[in-house]
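**Student:** Predicted model, plus sequence, below.
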Amino acid sequence: MSAPLRATGETEAPLDFEGIFRTYYARVARLIARLVRDPGRSEELAVEVFWKLSRHPQAQGERVGGWLYRTAVREGLYELRRQSRRERFAHLLRREERPPDPEQVRAAAEEQRQVRAVLASLDPRQAELVMLRASGLSYEEVAAALQLNPASVGTLLSRAQQAFRKEYCKRYGEP
């Protein structure tokens, strides 16, 4: 099942996507596996790399191998970042083995009250940005949820976090 794709340039020769897939798939998957140390996940990411190739005709041509390897490394690094973020949040959400004492419950409830009060005092857009990102959403997901340009999410989020910190310190002192 060969899907003829067009190469960019002056010669409009058909490109054999299936042939490229057969030639490079194993190498791309191995490259990603070296980064993420998970063969199953590396195969999924390798398929994503080839999906991206099919969506970027400008990458299809004589230098397709280089494009695939560069994209594979980027996918592997993105996956490492996602894993790191998941582990960080999982660590924060892990429950203690023993039940918390009443003082811990009171302190946690007080901190939640303070955070909610600060969020309520922020501009609604800033509060939404902080909450969505703290919930583990990626920049792309935040952009989609708030109908923002994905390129501006980082700047807007940074401003929102600064506003949150400033208001928190003003009300309650340094955390």
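**Tutor:** Yes, it's here.

**Student:** Which of the three states applies to E62?
**Tutor:** coil (DSSP: H, G, I helix; E, B strand; the rest coil).

**Student:** Show the model's pLDDT score for it.
**Tutor:** pLDDT, E62: 79.

**Student:** Distance of it relative to A107?
**Tutor:** For E62, the distance to A107 (Cβ to Cβ, to the nearest Å) stands at 63 Å. Backbone N, C-alpha and C define where each C-beta goes, glycine included.

**Student:** next one: A143
**Tutor:** Between A143 and A107 the computed distance is 35 Å (Cβ to Cβ).

**Student:** if you count what's nearby, which of those two comes out ahead?
**Tutor:** Taking other Cβ atoms under 10 Å, A143 and A107 do not tie; A143 has more neighbours (19 against 12).

**Student:** my guess is that one meets G154, correct?
**Tutor:** No. If you go by Cβ atoms under 8 Å, A143 and G154 don't touch, sitting 10.0 Å apart.

**Student:** Please parse the protein into its domains.
**Tutor:** The record's domain parsing of the chain by automatic domain parsing lists 4-91, 101-172.

**Student:** Out of the ones you listed, which gets the lowest mean score?
**Tutor:** domain 4-91 (a mean of 83).

**Student:** Tell me how far that one lies from the chain's centre.
**Tutor:** For domain 4-91, the separation from the chain centroid amounts to 16 Å (computed by Cα atoms, centre = their mean, to the nearest Å).

**Student:** and if you look at stretch 142-161?
**Tutor:** 13 Å.

**Student:** what do you get for stretch 129-136?
**Tutor:** For stretch 129-136, the distance to the chain centre is 13 Å (Cα atoms, centre = their mean).

**Student:** Begin at 16 from now on, thanks
**Tutor:** Fine by me, first position is 16 from now on; the one you just mentioned is stretch 144-151.

**Student:** List of residues touching it?
**Tutor:** Residues from elsewhere that reach stretch 144-151, judged by Cβ atoms under 8 Å, 6 or more residues apart in numbering: 100-101, 104, 134, 137, 156-157, 160-161, 168, 171-172, 175-176, 179.

**Student:** Buried ones in it, by neighbour count?
**Tutor:** L144, V145, L147, R148 (16 or more other Cβ atoms under 10 Å).

**Student:** which of the contacts of stretch 144-151 lies closest to E189?
**Tutor:** F179 (13.7 Å; Cβ to Cβ).

**Student:** Could you find the closest non-adjacent residue to that closest one?
**Tutor:** In this structure, F179 finds its nearest non-sequential neighbour in V145, 5.5 Å apart by Cβ to Cβ, 6 or more residues apart in numbering.

**Student:** Tell me how far the one helix or strand C184 maps to lies from the chain's centre.
**Tutor:** Per DSSP states H and E, C184 falls inside helix 168-187. Taking Cα atoms, centre = their mean, the mean C-alpha location of helix 168-187 is offset from the chain mean by 21 Å.

**Student:** Before I go, just wanted to say thanks for your time.
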